[in-house]
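Chemist: sequence first, then the predicted structure:
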Amino acid sequence: MSGIFIMKMQKSILFISLLIVFSLSGCLEISETIKVNKDRSGKITYKLKSSNTGNFLSKISGLFDISIEDQVVTEAEKFIRQLRNQEGISNIQQDFDKYRGSYSVSFDFVNSKYFNEALYNMAGSKKNIFTPGYIKVKNSRFKKINFSPWIKRYLEKEKIELPASPLTELITFTSIVELPNKIIKVKPKDVIIGKNQKEVKQEFQLIKITSGEANTGIRIRFDN
């Protein structure tokens, strides 16, 4: 999930409920995978995944007028409807498996311009020349912004507080970027480069992101 996507989701009761439910039933992984092709088109996949979630979801759903899984599907469909007529976006897919505790949304994009516009639309906003793009792919360079400060400011503005407990440390955010060619240089230094030299990975505790401590930005230079 991008910063804008997470900010939008964190405002909803659904997402906060899911964080509590998933963290109580096992560790929760929030991940985004950005794949860039040689022509600078690509694919983005957002995923929520938890261990030992299925039975707990079924039990806790009885406390609400609508089940947790129905809330997930309902919210996801709102985002997907916003993407359907988005220029430069295609192959929109979603997958929800309540028994395995996983949910994912993915779509293809023509280039980073259309990708950024899609993310803003998913968050109920509109991209303009004064708003930063989440990613930028140009020639042999890839850039992803550090959205951690945005999350912190947003939560403070909306007066949303995530509970400070060992449970929140089990919630992690992972970002994976797959490039078409070998990576030459990457920043910051704590970004992990895969064995094939075409993939990088970041992983943080979500609490580090919401507090503004994590640097989720990535800069990559790769072969043409």
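Modeler: Structure received.

Chemist: got the contact list for residue 193?
Modeler: The contact partners of residue 193, taken as CB atoms under 8 Å, 6 or more residues apart in numbering, are 183, 186, 199, 200. For the C-beta atoms, the positions are set from N, CA and C on the backbone; glycine is no exception.

Chemist: now for those: which two are most distant?
Modeler: Distance extremes for the contacts of residue 193: the farthest pair is 186 and 199 at 10.5 Å, using CB to CB.

Chemist: relative to residue 88, how far out is the nearest residue to residue 44 once chain neighbours are set aside?
Modeler: Leaving aside its sequence neighbours, residue 44 sits nearest to residue 34 (CB to CB, 6 or more residues apart in numbering; 5.4 Å). Counting by CB to CB, to the nearest Å, the separation of residue 34 from residue 88 is 15 Å.

Chemist: so between these two, which is more surrounded?
Modeler: The residue with more neighbours, out of residue 34 and residue 88 and counting by other CB atoms under 10 Å, is residue 34; that gives 24 against 15.

Chemist: now do that one against residue 78, distance only.
Modeler: Distance from residue 34 to residue 78, counting by CB to CB: 22 Å.

Chemist: residue 189 too?
Modeler: 39 Å.

Chemist: out of those two, which sits in the more crowded spot?
Modeler: For residue 189 versus residue 78, neighbours defined as other CB under 10 Å are more numerous around residue 78 (12 against 5).

Chemist: so which helix or strand takes in the more buried one?
Modeler: helix 68-84 (DSSP states H and E).

Chemist: how far off centre is the helix or strand just after that helix?
Modeler: Along the chain past helix 68-84, the next helix or strand (assigned with DSSP H and E) turns out to be strand 89-97. Taking the mean C-alpha point of strand 89-97 and that of its whole chain, the gap between them comes to 14 Å (CA atoms, centre = their mean, to the nearest Å).

Chemist: same for strand 89-97, what does it pack against?
Modeler: Strand 89-97 is packed against helix 68-84, strand 102-109, with contacts defined by 3 or more CB pairs under 8 Å, 6 or more residues apart in numbering; DSSP states H and E.

Chemist: from the contacts of residue 193, which land in strands?
Modeler: With strands defined by DSSP state E, the entries of the contacts of residue 193 inside them are 183, 186, 199, 200.
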